[in-house]
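> Generate a structure from the sequence data that follows.
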Amino acid sequence: MTDTTDTAQLGELTYLRTHEAPPELLFDCMTQPEHLTHFWGPTGTTTPVENIVVELRPGGRFETTMVADDGSGEFTMRATYVEVDRPHKLVWTEADVEGGMLTTITFKDLGDGSTEVTTHQTNVPAYINTPEAQAGFLTSLDRNDAYIKRLMAQR
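Residues are numbered from 1 along each chain as shown. Sure, this is the predicted structure:
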């Protein structure tokens, strides 16, 4: 399930997904390079594990460099972790993005083997708050969904 709320006038975006997986696994998938490499970035990109830096602590770096599958370029995201509370909450800020975009991900155990994951972004600049950019982000969430399902099938 996906719920996307666009409040463009506020520069905020919220994405909601429910997964048939425990919060610990979902948190680990968002914080471990060996997992992130399978889904980080929109369709048409890959993020090699050697292009991912995770220093999982407040003040630690979170950096990824996505590579376009067609060879047209690389796209780097540089962030700093603000809050790390496994398996409940993960917060980072991207100081390089105009306005210092803040991303907060919460993992809510629904008690039935599923977890609700909410991604909330504030200080979202206009170029990220476009229908095209949001569609690209949704493909990354779709890739994450498929990866989680494969992991759960292996358990």
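> switch to C-alpha atoms for all contacts and neighbour counts from now on
Will do.
> buried residues in the host helix or strand of L26?
For L26, the element it lies in under DSSP states H and E is helix 23-31. Within helix 23-31, the residues that qualify as buried are P23, L25, L26, F27, C29, M30, T31, counting by 16 or more other C-alpha atoms under 10 Å.
> And for stretch 119-127?
Applying 16+ other C-alpha under 10 Å to stretch 119-127 flags T119, H120, Q121, T122, N123, V124, P125 as buried.
> And the pLDDT for R155?
Looking at R155, its pLDDT stands at 89.
> Just give the number of residues close to it.
Using other C-alpha atoms under 10 Å, R155 is surrounded by 5 other residues.
> now swap in E132 and tell me
11.
> Next: R86.
15.
> Closest to the centroid, which residue in this protein?
The centroid of the chain falls nearest to M30 when counting by C-alpha atoms, centre = their mean (6.5 Å).
> show me what contacts the nearest residue to that one once chain neighbours are set aside?
Excluding the flanking residues, the one nearest M30 by C-alpha to C-alpha, 6 or more residues apart in numbering is L36, at 6.2 Å. The contact partners of L36, by C-alpha atoms under 8 Å, 6 or more residues apart in numbering, come to C29, M30, T47, V49, I52.
> and which of these is nearest D85?
Nearest to D85, judged by C-alpha to C-alpha, of the contacts of L36 is M30 at 12.4 Å.
> any idea how far stretch 111-118 is from the chain center?
Distance of stretch 111-118 from the chain centroid (C-alpha atoms, centre = their mean, to the nearest Å) equals 16 Å.
> Do a quick rundown of the helices in the chain.
Assigned by DSSP state H, the chain shows helices spanning 23-31, 33-36, 131-154.
> Make TSV from the ones you listed and add distance to E83 to it.
Converted to TSV, the helices of the chain look like this (distance: least, C-alpha to C-alpha, whole Å):
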stretch	distance to E83
helix 23-31	12
helix 33-36	18
helix 131-154	21
